[in-house]
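Enquirer: Need coordinates for the below:
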Amino acid sequence: MKRYADLVEVSAGTLREAVAGGELKPDTDCEALAEEFAAVMDGIQFQWALDPAGVGMAARMRAYLDRLLRSITVSGTGLPSDAHTDGLGRVCGHGDRGRRTRLSGCYESPPTWRRS
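Expert: Below is the predicted model:
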């Protein structure tokens, strides 16, 4: 329960910051989206646990985040093609390759995070 509550709290906070910063639409329901994000992430991980060879966990998560961002960003854009951030405004050390968003994900291993 603590893991879920922490994930929702951090995700909702990141979303609220993005709304305040003008990146996300003002009517974004940050708490509901944070709960949805946790549910989708857990569901994809569960599918992967049942069939690791048949489920592209990173690709599915990236596709979900891209669709989500297209629906809630002020600009209507999704993830950049080379998104490499951790969702907390930290840029992955794998390189600076294009625009970053707070909700992007780095799926390379091991990520080395630094503040953007």
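Enquirer: Going by C-alpha atoms from here, please, whenever you check contacts or count neighbours.
Expert: Fine.
Enquirer: mind listing the helices for this protein?
Expert: For the chain, the helices defined by DSSP state H occupy 2-20, 30-50, 57-72.
Enquirer: could I get those helices as JSON lines with distance to L79?
Expert: Shown next, in JSON lines, are the helices of the chain (distance: least, Cα to Cα, whole Å):
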{"stretch": "helix 2-20", "distance to L79": "14"}
{"stretch": "helix 30-50", "distance to L79": "15"}
{"stretch": "helix 57-72", "distance to L79": "5"}
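Enquirer: Including mean neighbour count and mean pLDDT, could those go into TSV?
Expert: Converted to TSV, the helices of the chain look like this (neighbours: other Cα atoms under 10 Å; pLDDT from 0 to 100):
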stretch	mean neighbour count	mean pLDDT
helix 2-20	16	91
helix 30-50	16	94
helix 57-72	17	89
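Enquirer: For P80, find the nearest of those.
Expert: Closest to P80 of the helices of the chain, according to Cα to Cα: helix 57-72, at 8.5 Å.
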